[in-house]
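K.L.:
what shape does this take:
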Amino acid sequence: MQTRRIGDRVVGAVGLGAMPLSVEGRPDEDRALATIHAALDAGVTLIDTADAYYAQADGVGHNEALVAKALAAHDRGGDVLVATKGGHLRPDGGWTVDGSPEHLRRACEASLARLGVEAIGLYQFHRPDPSVPYAESLGALSELLSEGKIRMAGVSNVDPDLIRLAHDILGENLVSVQNQFSPAFRSSEPELRLCDELGLAFLPWSPLGGMSRAGGLGSAHTAFARVAEEHGVSPQRVCLAWMLAKSPHVVPIPGASRPETVRDSAAAADLALTDEEIAALDAA
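P.N.:
Numbers count the residues shown, from 1 in each chain. Here you go, the predicted model:
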């Protein structure tokens, strides 16, 4: 499998977005654990989670606890970089934000306990809070870094101006940007190019279009289906290989709720597309 760099860590080129294992429609725990273990067996060494990935209002942190349980039960669990996030909330199933330094500190402490670690490998501010100056939220991450509670920091759902501000405040401790990016959602190209300029990892979330649309990617985007047929692979694998070809800083984090889908996603790191195929997919 290809590798990529996130800060001082080398990871597999394709990560796992663990969100589908904990939100509405999630699989039972045995299948969820089997999915994470299949990812590790396939060479995945980056797992993305968040305290806001849960189904019921009393289930805050469900996904983090599930990831911790899976890693503890696998002999390669210690090789994994866990990226979690704080600043998003889901009261009554809806999404809200709290970017106050006080909340981010409490959220980080709770994530540390659920993950069972002394320091979180990569902690990302989940989404800007319009009621809190962004610099204040970033200041909380800076303090957590100084205290050794997080090893690296990232930001999510941001525009180029916020990335530059985060880079100014956090310096080399800022290692990643996590934005939505997929064949249907390409408006994060400027953020991707800025990550190339600054040497930051770009982690596309919902790279296959999201939980409800990933299965129909080939039907919705026929160019990916055509290339997939030529290679004898799935359109989803082609999609991830296309993203990897766009930049050495891209580390897609497709979600999965079954072992077979996570194995297919991981195999994208070994799929080589021609320049002509990449150009055709770019133009689709």
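K.L.:
please count neighbours and contacts with C-alpha atoms only from this point.
P.N.:
Fine.
K.L.:
any idea how many residues pack against the nearest residue to Ala140 once chain neighbours are set aside?
P.N.:
Leaving out its chain neighbours, the residue that sits closest to Ala140 by CA to CA, 6 or more residues apart in numbering is Pro101, at 5.0 Å. Around Pro101 there are 18 other residues, counting by other CA atoms under 10 Å.
K.L.:
OK, contacts around Pro101?
P.N.:
136-137, 139-140 (CA atoms under 8 Å, 6 or more residues apart in numbering).
K.L.:
could you do Gly209 as well?
P.N.:
Gly209 neighbours (CA under 8 Å, 6+ apart): 182-185, 217.
K.L.:
same check, this time on Arg186
P.N.:
Per CA under 8 Å, 6+ apart, neighbours of Arg186: none.
K.L.:
ok, now how distant is it from Arg237?
P.N.:
Using CA to CA, to the nearest Å, Arg186 is found at 18 Å from Arg237.
K.L.:
still on that earlier bit, so which of the contacts of Pro101 are in strands?
P.N.:
Taking DSSP state E, every one of the contacts of Pro101 sits outside strands.
K.L.:
most widely separated two among these?
P.N.:
The most widely separated members of the contacts of Pro101, counting by CA to CA, are Glu136 and Ala140 (6.6 Å).
K.L.:
which one of these two is surrounded by more residues?
P.N.:
Set Glu136 next to Ala140 and count neighbours by other CA under 10 Å: Ala140 wins out with 19 against 13.
K.L.:
can you give me the pLDDT of Asp92?
P.N.:
Looking at Asp92, its pLDDT reads 76.
K.L.:
next, count neighbours for it.
P.N.:
Residues lying near Asp92 (other CA under 10 Å) number 10.
K.L.:
surely it and Ala57 touch.
P.N.:
Yes. Asp92 sits in contact with Ala57 when judged by CA atoms under 8 Å, with a separation of 5.8 Å.
K.L.:
now for this structure, the helix or strand with the poorest mean pLDDT.
P.N.:
strand 88-89 (a mean of 92; mean pLDDT, DSSP states H and E).
K.L.:
and that strand, what does it pack onto?
P.N.:
strand 96-97 (3 or more CA pairs under 8 Å, 6 or more residues apart in numbering; DSSP states H and E).
K.L.:
tell me the strands beside the strand it packs on, with direction?
P.N.:
Note on strand 96-97: by DSSP bridges, its sheet partners are strand 88-89 (antiparallel).
K.L.:
mind checking how far the partner strand is from the chain centre?
P.N.:
Distance of strand 88-89 from the chain centroid (CA atoms, centre = their mean, to the nearest Å) equals 16 Å.
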